[in-house]
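Q: Sharing a model prediction with you, sequence too.
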Amino acid sequence: MTDQVFDFVSSLFLLVGALLCFGAAVSLVRFPDVLGKMHAITKPQVLGLIFVSVGIALSLRTWWAVGLCVLIIVLQLLTAPVSASLVSRSAYRSGLADDSELLVNHLAEDLEGAGFRHLD
């Protein structure tokens, strides 16, 4: 009986994780600019991977699977914000990001202080 419960819960986690990852993929196609895409992709993708990892750990029910899934989650939580920030900064510096709708632009102030001129 408990095996069926674990299998059902793990399949729910896998389904929710797959839907979140699909939502991130759809936002990659639908959003027009780099900054909007990075914001819309990073959050559901990370949460989707967490749900998929928990679903796999519940499905396999072994310590090595739980440890590996925890390692995957920790590495994803550490690297996703950094990579999104670096992609956004490089898009801004190369002129691909539309900064006309930004209310506050701290990056422009920091780059101007460092001697970088934004090409308009």
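A: Nice, thanks for sending it over.
Q: C-alpha only now, for contacts and for neighbours.
A: OK.
Q: Now the residue nearest the centre of the chain: which helix or strand?
A: Centroid check for the chain by C-alpha atoms, centre = their mean gives residue 42 as the closest residue, at 2.3 Å. Counting by DSSP states H and E, the element that carries residue 42 is helix 34-60.
Q: about what we covered before: pretty sure the residue nearest to the centre of the chain is in contact with residue 23, am I right?
A: No - Residue 42 is beyond contact range of residue 23, at 10.7 Å (criterion: C-alpha atoms under 8 Å).
Q: In this structure, which helix is the longest?
A: Secondary structure assigned by DSSP state H gives helix 63-93 as the longest helix of the chain.
Q: Mind giving me the packing neighbours of the helix or strand just after it?
A: Remark: after helix 63-93, the chain's next helix or strand is helix 106-113, criterion DSSP H and E. Applying 3 or more C-alpha pairs under 8 Å, 6 or more residues apart in numbering; DSSP states H and E, we find helix 106-113 packed against no helix or strand.
Q: Would you mark the buried spots in helix 106-113?
A: residue 108 (16 or more other C-alpha atoms under 10 Å).
Q: swap in stretch 90-105?
A: For stretch 90-105, a neighbour-count test (16+ other C-alpha under 10 Å) marks 91-93, 97 as buried.
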